[in-house]
Structure formats: structure tokens, C-alpha cells
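Trainee: Mind folding the following:
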Amino acid sequence: MNQNRDFYAGLVATVFFAVILFVLIPIYVKVPSFIPGFAPPPDMWPRVVAVIGLVMGVLALVLAFPKMREASRDRVEGFGNRILGNKTHLMRFAGILIVFAAFVYGMPLIGFVPATVLLLGVLFIMTGNFERKFWMIGLAVIFPVLLYLLFTEVTHTPFPKGKLLSANISHLTTLI
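Mentor: Alright, predicted model coming up:
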């Protein structure tokens, strides 16, 4: 049976969201002992996103098996040929891992909105499809701003403001 691209995508998504759900959220998202009223706990939305991603990854794995069986009847290919054939995809995957690591470590420094704009911009560039540049730029800028406004104004969830920008802004306000 040959593994196809859907299988690897499902496997990566399943592992990624399982690590987030079972390792990162319990360690890094602190839940207070008392939550007033109908306020959701701070780990609710990350858990919802992680569970949805995990289910989608498992679904991609399950749906990849019929394609793999059909592909295995057609041709037999060695593992080395598959790796060389998917060299571009492997490079993109390594690039995405580096970008996500930079996002995680850079967000406390530059803040949520600039880090997310940069992350989405790089991810749109890595798709390789530049036919809709204005949509890409618009979504990369507008989506983080709307997400920031929704969570800070509606649910009063604080996001990292960033040490660089908050230090410069607080310095300017003290001068005024």
C-alpha cells in the first residue's frame, strides 16, 4: 500500500493537534479556580480548535486509505523515489515548522496582531498561488485585527501586546 499526500497531511494534522490538545494546553493555559458567571474558561477556545483539527486530521487519514489502496494497484514505488518526488513538499513543511516556531517565540516580543499578520502572510506566500494577491493581503491583515477586536472587546480575553510595541507606546504616553 502506498501512502499518498492526503495520508501524510492527515497524519501531520493529527499529530499536531494531538500535541496541542494533550500537551500544550494542559501545560501552558492556566485555568483559574473560580470563573465568574457565564464566562468561558481560558482553555475553551484552544480546546475547541484543537478538537476540530484533530477530528479533521483523523478524517483525512480515514479517507486516504481508499486512495492508497487504489494507488497501490497501479504502481509500485520505492520510499527513496517518493521522498525525492516530494522534495518541494518536504521543504515547505520544514518552512512551515520554522514559521510556526518563530510565531510562538516572536509573539511575546512583537505582540499578537503583528505576529499573526506575518504568519498569515508567510503561509499565503508558501501556497505558491499568487493569482489573488489582494485577497491574501487583505485576509492576512484584516483577520488578525478582527480576531483581536472580537476577543478583547467581546470576551475581554487579553492577548500578548508585545514588549517592543508596548514599551514604545508607553514611552510615548509618558512624554505627553
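Trainee: What ranges does this protein have for its helices?
Mentor: Applying DSSP state H to the chain gives helices spanning 5-19, 25-28, 44-74, 79-85, 87-110, 112-127, 133-149, 163-175.
Trainee: So which of the ones you listed is nearest Thr157?
Mentor: Nearest of the helices of the chain to Thr157, taken as CB to CB: helix 44-74 at 8.2 Å. (Glycine included, C-beta is placed from N, CA and C.)
Trainee: check contacts around Val145.
Mentor: Val113 (CB atoms under 8 Å, 6 or more residues apart in numbering).
Trainee: how much space between it and Pro42?
Mentor: Val145 sits at a distance of 21 Å from Pro42 (criterion: CB to CB, to the nearest Å).
Trainee: can you tell me which residue is nearest the centre of the protein?
Mentor: Nearest to the geometric centre of the chain sits Phe100, at 7.1 Å (CA atoms, centre = their mean).
Trainee: about what we covered before: and the helices of the chain as JSON lines, adding distance to Phe34 and mean pLDDT?
Mentor: Listed next are the helices of the chain as JSON lines, based on distance: least, CB to CB, whole Å; pLDDT from 0 to 100:
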{"stretch": "helix 5-19", "distance to Phe34": "29", "mean pLDDT": "88"}
{"stretch": "helix 25-28", "distance to Phe34": "19", "mean pLDDT": "90"}
{"stretch": "helix 44-74", "distance to Phe34": "15", "mean pLDDT": "86"}
{"stretch": "helix 79-85", "distance to Phe34": "53", "mean pLDDT": "67"}
{"stretch": "helix 87-110", "distance to Phe34": "27", "mean pLDDT": "87"}
{"stretch": "helix 112-127", "distance to Phe34": "26", "mean pLDDT": "89"}
{"stretch": "helix 133-149", "distance to Phe34": "26", "mean pLDDT": "91"}
{"stretch": "helix 163-175", "distance to Phe34": "28", "mean pLDDT": "61"}
